[in-house]
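[1] Build me a structure from this.
(2 chains)
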Amino acid sequence: NAGVMQNPRHLVRRRGQEARLRCSPVKGHSHVYWYRQLPEEGLKFMVYLQKENIIDESGMPKERFSAEFPKEGPSILRIQQVVRGDSAAYFCASSPRQDEQYFGPGTRLTVT
Amino acid sequence: QKEVEQDPGPLSVPEGAIVSLNCTYSNSAFQYFMWYRQYSRKGPELLMYTYSSGNKEDGRFTAQVDKSSKYISLFIRDSQPSDSATYLCAMSALTGGYQKVTFGTGTKLQVIP
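    As a prediction, this is how the structure comes out:
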């Protein structure tokens, strides 16, 4: 059984570039969540998506950040014009319902 | 006041000790309660999932929920060095039409051989 897959695992971008983070949920899970985690800090909710729909994006900055979960293919978290403050670990989780969430290994974004 | 409070630790115990990890919460609407374990530079791993007040046991782990006191605990018996990790509590409530999960900030545990 494949768990949640995220790629790339590590991503280095220069300031001003775009970062694209991909998440493939557990097969059969239709709920996807994105979180951000800074060192020594907890998980900060960003966005919750179901297939083709954004359900809750209250934790995601309105500028430069966007997320999608298309009918086919992985969920994508996109950060445009990255700044140093975007450096963090980004985790994706999927769920068969809306409560117990299964996390991927994360993408560590470094902005230089 | 945060909705979910968790002591960040670090908590250091000798191998074999019983570990008690705790969270308090303020939102009485929380219905589902979970514990996650996160090793350094890895994703959180779901350990325990409970719904009602009371205890749930799984091997060396026992999750306890006291809804009247708004308090949940995770007990680890016969702790091992491999249990050294950050433990996050999580709980969900129906918010905006869906079960929204709120995480504690995590307690760092170190089990010393």
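
[2] buried sites along stretch B:87-105?
    Neighbour-count burial for stretch B:87-105 flags B:87-93, B:98-105 (criterion: 16 or more other CB atoms under 10 Å in any protein chain shown). Where you see a C-beta, it was placed from the backbone N, CA and C, and this is true even at glycine.

[3] Show me the two of those that sit farthest apart.
    The two members of the buried residues of stretch B:87-105 with the most space between them (CB to CB) are B:87 and B:98, at 25.3 Å.

[4] Show me where chain A has its strands.
    Secondary structure of chain A (DSSP state E): strands located at A:5-7, A:10-13, A:19-24, A:31-37, A:43-50, A:53-56, A:65-68, A:75-79, A:88-95, A:102-103, A:107-111.

[5] Any figure for the gap between the nearest residue in space to residue A:64 that is not next to it in sequence and residue A:58?
    Computed as CB to CB, 6 or more residues apart in numbering or on different chains, the closest residue to residue A:64 that is not its neighbour in sequence is residue A:80, at 4.7 Å. Per CB to CB, to the nearest Å, residue A:80 is found 20 Å from residue A:58.

[6] For the residue positioned nearest the centre of chain A, give the beta-bridge partners.
    The residue lying closest to the centre of chain A (CA atoms, centre = their mean) is residue A:34, at 3.9 Å. Residues in a beta bridge with residue A:34, per DSSP bridges, are residue A:47, residue A:92.

[7] Which pLDDT does the model give it?
    We have a pLDDT of 97 for residue A:34.
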